[in-house]
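Asks: Okay, structure incoming, though there's no sequence with it:
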């Protein structure tokens, strides 16, 4: 696990994409499952910086949204190469047993337009 690749894009943006591709080659060559953590601000749609999406075989997004005055955690499988997956946003809880996803439930987030968009 590498936490966080976001730092690479902040400190060395010009080298970030090439570094990510090299990192992918090395980790793939080891035959292991790798988890790279990237942080995005609430206004960003992308993941960590240019090139992260293309280098990753899977992207799992964990969100915290206000819905009807209540904070709700949700998980969304944005991309998972080579397998089918849910295209819905599901609630999850963080428990003493780890993350528990509730796959039969769906979280509906309403997008609010900003003054610049609307």
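Replies: Thanks, I have the structure now. Since this is a predicted model, take the numbers as computed values, not measurements.
Asks: counting contacts, what elements does whatever helix or strand residue 10 lives in pack onto?
Replies: For residue 10, the host element (DSSP states H and E) is helix 6-11. Here helix 6-11 touches helix 13-29, going by 3 or more C-beta pairs under 8 Å, 6 or more residues apart in numbering; DSSP states H and E. In this view, the C-beta of every residue, glycine as well, is placed from N, C-alpha and C.
Asks: Check which element follows the helix it packs on along the chain.
Replies: strand 36-37.
Asks: helices and strands around that following strand, which ones?
Replies: Counting by 3+ C-beta pairs under 8 Å, 6+ apart, the packing neighbours recorded for strand 36-37 are strand 2-3.
Asks: Break this structure into its domains for me.
Replies: For the chain, automatic domain parsing gives the domain ranges 1-56, 57-118.
Asks: Run a quick neighbour tally on residue 81.
Replies: 8 (other C-beta atoms under 10 Å).
Asks: so what's it up against?
Replies: 57, 58 (C-beta atoms under 8 Å, 6 or more residues apart in numbering).
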